[in-house]
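I'd like to go over a predicted model; first the sequence, then the structure.
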Amino acid sequence: MPSHEALREAVLHVIRAGYQLRPDALSALREMPDELDPLEVVKKALEKAGEEGEAFIGREAVEEAINALKRPAEQACALVDQRVDLLTGKGVRKLVAKEIEADVKVLMDPTKEIGSEGGLGDFLNYFKDRFARLSKLLKRRIDARDALSVSEALRARPNSEVKMIGMVREKREGEGKIIAILEDENATATVIFTPKAGREAYEKARVLMPDQVICVRAVRVAKDLFAAKELVAPDLPVRKTGERELAGGPVYALFISDLHFGSRAFMAEAFGRLIAWLNGRLGNGRLRELAGAVKYVVIAGDLVDGIGVYPGQERELEVADIYRQYEGVATLLSELPGHVELIISPGNHDACRRALPQPAVPKDYAGPLYEDGRTLMLGNPCLIALHGVKVLVYHGNSFDDLATTVPGMGFDRPLEMMKLMLWARHLAPIYGLKTALAPTARDLLVVEEVPDIFHTGHIHVTAIGAYRGVLLVNSGAWQEQTAYQRVRGIVPKPGRAVLVDLAGLKAVELNFTRPELWS
């Protein structure tokens, strides 16, 4: 039987993820083998719950997760071609991407909406817009539809229960309690979260972020002081596969990020295998046929390593000229098959402003990419539709803040941070830390439209998961660990790409670091 502490951490993880654990599921966790980690088991169970739109985790889901994790490591790391068989099933020989007409729609691109000078008035309007948009999303929820403003809640009778929507101005955590200062345009209120008043609300409050907009059900205990009983975030609606528009037929997209061309640590050999595979020159028969079915390559930023991005970078550069870096990566990508469409957004290493949202890399730097007629250069973040499948592409700049300030997050847990963003319905909630934000007329970092796929990069750790019907893809990198990453505790999982069947939203990780898989 697992330890009490291990079980507690697993249960809290389920609650923080916005799900509930049935009593029979808890019994299954208590009965599981000692060699398994309850936290890993519930993570596995939550992946399936997200895919199927379930809000409760039962015994059956836990037992399935236990059985999956009990398999030997050798089976878990099955050969790529075996996993591709599972992904594609029968009929793959009929899939030829060059016979499929491209269907790409740009639903949101910040490039043309960026123009603010960044004055005090601009920032004030920016946060007003954020508050208005997230408040609107909250009021679509049944449990927040009748919420008041903070100003209105302050007029409630003492000891009466109210719901109010506010932005988190400040959060403090002490022994057995969490204090949050909520504000709207006209007033502020102090909300205390304790396990006694509301255990679930208290656990959710642990991952609250400054500048996040939430709804709180609370009792007014004095003047501007409230005791919280429930915390509601905008979150995503629970959806099942049949509730969203998927590609009408089999068509594939390949998701990659963080090439870091120009770095001495750029994995030229592994990336060369990817190019050779897409051109049908590498892999067994099944893999080559599948390569011919890839219609899109989506790159979530950091095409190049850049210049002066971090201290001492010049010692780790193979190409120390930003123009030559873009020329080199353009030459590399020009080797992709002619029928493959390229969608590219920038990251923090690319030659554009660092503040979010970022415009597309300017033509002055990336001219060769613009000259390639099949390349679409967009900003960060951006929202596109591939054959009707909505893809939210975001480099992941704010992972730096979430990993270092939010309990339970870390550079080795990209999926948890992606879920936190979707729970908050904002890609970079925290203002004033490492992630620079620029005041646009409307807050383009609010996740207003629910995507089918959420694609990120930045922390160089490949991961695939799901949350409330949304496929989560963090696509790793093509750069080996640098000295700077070692200092920051980032252990990359590079040399991989994620292949997605847009018709069924099935995903598979392809590992290009192992030559024996591609012979």
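Sure, I can see it.

from here on, contacts and neighbour counts on C-alpha atoms
Fine.

can I see the domain layout of the chain?
If you go by automatic domain parsing, the domain ranges for the chain are 4-75, 80-114+238-517, 142-232.

Of all the helices and strands in the protein, which has the lowest average confidence?
Lowest by mean pLDDT, DSSP states H and E among the helices and strands of the chain is helix 73-76, with a mean of 30.

What's the first helix or strand after the longest helix along the chain?
For the chain, the helix with the greatest residue count under DSSP state H is helix 120-138. Later in the chain than helix 120-138, the nearest helix or strand by DSSP states H and E is strand 148-149.

Flag the shaky bits of the stretch 251-400 of the chain, pLDDT-wise.
By pLDDT under 70, the stretch 251-400 of the chain has no low-scoring segment.

any idea where the strands of it begin and end?
Ranges of strands in the stretch 251-400 of the chain, per DSSP state E, counting those that start in this stretch, are 252-256, 294-300, 341-345, 375-377, 382-386, 389-393.

Would you format those as CSV with mean neighbour count and distance to Pro23 included?
Output for the strands of the stretch 251-400 of the chain, formatted as CSV (neighbours: other CA atoms under 10 Å; distance: least, CA to CA, whole Å):
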stretch, mean neighbour count, distance to Pro23
strand 252-256, 25, 39
strand 294-300, 25, 41
strand 341-345, 23, 45
strand 375-377, 18, 50
strand 382-386, 22, 40
strand 389-393, 24, 36
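
Make TSV out of those strands and add distance to Phe411.
Formatted as TSV, the entries for the strands of the stretch 251-400 of the chain read as follows, by distance: least, CA to CA, whole Å:
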stretch	distance to Phe411
strand 252-256	18
strand 294-300	17
strand 341-345	22
strand 375-377	28
strand 382-386	23
strand 389-393	19
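
residues making contact with stretch 390-408?
Stretch 390-408 is contacted from outside by 206-209, 257, 300-301, 345-348, 380-385, 409-411, 414, 417, 427-428, 430, 433-435, 450-459, using CA atoms under 8 Å, 6 or more residues apart in numbering.

swap the cut-off to 7 Å and go again
206-207, 300-301, 347-348, 380-385, 409-411, 417, 428, 433-435, 451-458 (CA atoms under 7 Å, 6 or more residues apart in numbering).

One more: stretch 152-167?
Contacts for stretch 152-167 (CA under 7 Å, 6+ apart): 131, 135, 147-150, 182-184, 211-222, 224.

related to what we said a few turns ago, which one, of the strands of the stretch 251-400 of the chain, ends up nearest to Pro311?
Smallest distance to Pro311 across these (CA to CA): 23.5 Å, for strand 294-300.

Which neighbouring elements make contact with the closest one?
strand 252-256, strand 341-345 (3 or more CA pairs under 7 Å, 6 or more residues apart in numbering; DSSP states H and E).

Now distance to Arg374 too, for the ones you listed, in a markdown table please.
Shown next, in a markdown table, are these (distance: least, CA to CA, whole Å):
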| stretch | distance to Arg374 |
| --- | --- |
| strand 252-256 | 15 |
| strand 341-345 | 5 |
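
Any chance of CSV for the domains of the chain, columns distance to Asn125?
As requested, the domains of the chain are exported to CSV (distance: least, CA to CA, whole Å):
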stretch, distance to Asn125
domain 4-75, 31
domain 80-114+238-517, 7
domain 142-232, 11
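
so where's the chain uncertain?
For the chain, the ranges with pLDDT under 70 are 1, 34-35, 50-53, 70-95, 115-118, 240-245, 248.

Kindly list the longest strand within it.
strand 161-174 (DSSP state E).

Next, the buried residues of that one.
Glu161, Val162, Lys163, Met164, Ile165, Gly166, Met167, Val168, Arg169, Glu170, Lys171 (16 or more other CA atoms under 10 Å).

Next, the angle from that strand to helix 120-138.
120 degrees (axes from the mean of the first three to the mean of the last three CA atoms, to 10 degrees).

that older thread, write a PyMOL command that selects only the buried members of the contacts of stretch 152-167.
Restricted to buried positions by 16+ other CA under 10 Å, the PyMOL selection for these reads:
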select buried, resi 131+135+147+148+149+150+182+183+184+211+212+213+214+215+216+217+218+219+220+224
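
What about the contacts of stretch 152-167, which are in helices?
Reading helices off these with DSSP H, I get Phe131, Ser135, Val150.

between the residues you listed, which is nearest Arg16?
Ser135 (21.1 Å).

Pull up the gap between the closest one and Leu225, please.
Distance from Ser135 to Leu225, counting by CA to CA, to the nearest Å: 21 Å.

Might one say that Pro359 is in contact with Gly379?
Yes - if you go by CA atoms under 7 Å, Pro359 and Gly379 touch, sitting 4.2 Å apart.

what touches both of the two?
Pro110, Thr111.

So Ser257 is in contact with Ala300, correct?
Yes - judged on CA under 7 Å, Ser257 makes contact with Ala300 at a distance of 4.7 Å.

Quickly list what's touching both of the two.
Gly457.

Just the buried residues of stretch 296-314, please?
Going by neighbour count (16+ other CA under 10 Å), the buried part of stretch 296-314 is 296-307, 313.

of these, closest to Ser27?
Among these, and counting by CA to CA, the member closest to Ser27 is Ala300, at 41.6 Å.

for stretch 366-378, how far is the first residue from the last?
12 Å.

swap in stretch 479-490?
12 Å.

residues in contact with that stretch?
In this structure, residues lying in contact with stretch 479-490 by CA under 7 Å, 6+ apart are Leu259, His260, Ala265, Phe266, Met267, Phe411, Val491, Pro492, Pro494.

who's in contact with the fourth one?
Meaning Phe266. Neighbours of Phe266 in contact, by CA under 7 Å, 6+ apart: Leu259, His260, Trp478, Gln479, Glu480.

do that again at 6 Å, thanks
Going by CA atoms under 6 Å, 6 or more residues apart in numbering, Phe266 touches Trp478, Gln479.

now it: how far from Val361?
Counting by CA to CA, the gap from Phe266 to Val361 is 20 Å.

Could you find the closest non-adjacent residue to Val219?
Glu161 (4.3 Å; CA to CA, 6 or more residues apart in numbering).

So what's the residue count around the nearest residue to Pro234 once chain neighbours are set aside?
What sits nearest to Pro234 in space, not counting adjacent residues and going by CA to CA, 6+ apart, is Leu138, at 4.7 Å. When counting by other CA atoms under 10 Å, one arrives at 23 neighbours for Leu138.

how about the strands in the stretch 1-150 of the chain?
In the stretch 1-150 of the chain, the strands defined using DSSP E, counting those that start in this stretch lie at 20-21, 56-57, 104-108, 148-149.

Identify whichever of the ones you listed lies nearest to Glu9.
Comparison of the strands of the stretch 1-150 of the chain against Glu9 by CA to CA identifies strand 20-21 as nearest, at 12.8 Å.

No more questions from me, cheers.
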